[in-house]
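> predicted structure and sequence below. I'll ask about it afterward.
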Amino acid sequence: MPNPIEAAELRVGFIGLGIMGRPMVRNLLKADFPVTVWNRSRPGIEECLSAGASEAGSPREVAEASDIVITMVTDSPDVEQVALGPGGILEAARTGLVHIDMSTISPEVTREVARKLASKGAAMLDAPVSGGDKGAIEGTLSIMVGGEADVFQRCLPVFQAMGKRITHQGPHGSGQACKLCNQIVVALNLLAVSECMVFAQKQGLNLGKMLEAVGGGAASSWGLVNLGPRMAQRDFAPGFMVKLQQKDLRLALEAAAQGTLPLPGTALTHQLFRVVEALGGGDLGTQALVTALEQMGQLEVKG
Ligand code: NAP
């Protein structure tokens, strides 16, 4: 935790008040940072104002009022829009300003945004996160950071208000590349869990007992322990939406394609998530991957 004097010295701006952004703002306020927010639509703004944040009229105005401006929006074009577009952060870029992008986006787009900000004297860090909405609420996110080491050190108190494991990965784009490593493991693990669930169903196993046994051994994983029971209960409410997982797998496949690197497991899982999307499940949680395998196996997993 930063001490209150350090916190008061850094004025933080926050753009993108969705599932992740809102609790991250609350944790910054709890750590005594003055926070100025902007969001495209009203509901996120109202919640943050009632928690003690101030409001600005555009991303540019947020940057004018801040030393560090954080973005937590959806995809690469959205970061380009709020950072480089009309009324964006770049219009207020100056020496001393740091833009920290915590969205999951393309490493290449990150490097381009960093170059444009640097041309006006401002610094950038890419700092995507893992840990889901639970990690955002509890302030326990894993934060993977790319950019210059001295800028990372300066921003550390801000990261410590939102996360627990904070790692400097290397130059611009390496935080995003690390996050895509994370997403490859998460997605392929979820495919393994989904196959395990349809196989267990076909074998007539008690799914709860199977999950208890497998979750206590070498095959245990976050996906098995947290999402296996939800598959068994047919609870497909989103923690992390299928459409966002698809964005991340697309980013990983695009980055790999630039270096002619085959990622066969990632490509397969991307296609199976597409089956879920074709079935109308893009807004469901990623545990809905099991429904694609149910279609192929002509059965339904039931706890
Ligand atoms: P979300 O709830 O959909 O929120 C997205 C936010 O970005 C909203 O405030 C939205 O504004 C804003 N936004 C999107 N496009 C914009 C644009 N072009 N201009 C201005 N504002 C724009 O998403 P989230 O779950 O918070 O995820 C945010 C980022 O974190 C994504 O990159 C995601 O991959 C990553 N992430 C999410 C999780 C998770 O568990 N949810 C975990 C790790 C990482 P409106 O409110 O007006 O729509």
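On my side now, so go ahead.
> ok, M72 to the ligand distance?
Note on M72: its distance to the ligand, by C-beta to the nearest ligand atom, to the nearest Å, is 5 Å. Every residue, glycine included, has its C-beta placed from N, CA and C.
> make sure that residue is actually in contact with F14.
Yes - contact criterion C-beta atoms under 8 Å: M72 and F14 qualify, at 7.2 Å.
> intersection of neighbour lists for these two?
G21, M24 (C-beta atoms under 8 Å, 6 or more residues apart in numbering).
> help me confirm that L29 is found in a helix?
Yes - under DSSP: H, G, I helix; E, B strand; the rest coil, L29 falls within a helix.
> just the pLDDT for it.
The confidence metric pLDDT takes the value 98 at L29.
> also the one 10 residues further on?
The predicted structure scores N39 at 98 on the pLDDT scale.
> what's the burial count for it?
Taking other C-beta atoms under 10 Å as the criterion, the count of residues near N39 is 22.
> what's downstream of the helix or strand harbouring V145, the next helix or strand?
V145 belongs to strand 141-146 when elements are defined using DSSP states H and E. From strand 141-146 onward toward the C-terminus, using DSSP H and E, the following helix or strand is helix 149-162.
> average pLDDT for the helix or strand following that following helix?
Proceeding N to C from helix 149-162, the next assigned helix or strand is strand 163-170, under DSSP H and E. Strand 163-170 shows a mean pLDDT of 98 in the predicted model.
> only alpha carbons, please: show strand 163-170 as PDB.
Extracted in PDB, the C-alpha atoms of strand 163-170 (Å, rounded to 0.1, in the frame of the first residue of the first chain):
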ATOM      1  CA  GLY A 163      -3.000  -5.800  -7.600                       C
ATOM      2  CA  LYS A 164      -0.800  -8.300  -5.700                       C
ATOM      3  CA  ARG A 165       1.600  -9.900  -8.200                       C
ATOM      4  CA  ILE A 166       3.100  -7.000 -10.200                       C
ATOM      5  CA  THR A 167       5.800  -7.900 -12.700                       C
ATOM      6  CA  HIS A 168       7.900  -5.800 -15.100                       C
ATOM      7  CA  GLN A 169       8.200  -8.000 -18.200                       C
ATOM      8  CA  GLY A 170      10.400  -5.900 -20.400                       C
END
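> what does the stretch 101-250 of the chain put close to the ligand?
Applying C-beta under 6 Å from any ligand atom, we find that the stretch 101-250 of the chain lies next to the ligand at S103, T104, V129, S130, G132, D133, G239, F240, L244.
> tell me the predicted confidence for the nearest residue to the second one once chain neighbours are set aside.
So the one you mean is T104. In this structure, T104 finds its nearest non-sequential neighbour in P128, 4.7 Å apart by C-beta to C-beta, 6 or more residues apart in numbering. Looking at P128, its pLDDT stands at 98.
> please apply the same query to P4.
Looking at P4, its pLDDT is 44.
> residue boundaries of the strands in the stretch 1-150 of the chain?
12-15, 35-38, 54-55, 68-71, 98-101, 123-126, 129-130, 141-146 (DSSP state E, counting those that start in this stretch).
> report the buried residues of the longest one.
Within strand 141-146, the residues that count as buried by 16 or more other C-beta atoms under 10 Å are L141, S142, I143, M144, V145, G146.
> the last one and D126 touch, don't they?
Read that as G146. Yes - using C-beta under 8 Å, G146 is in contact with D126, at 4.4 Å.
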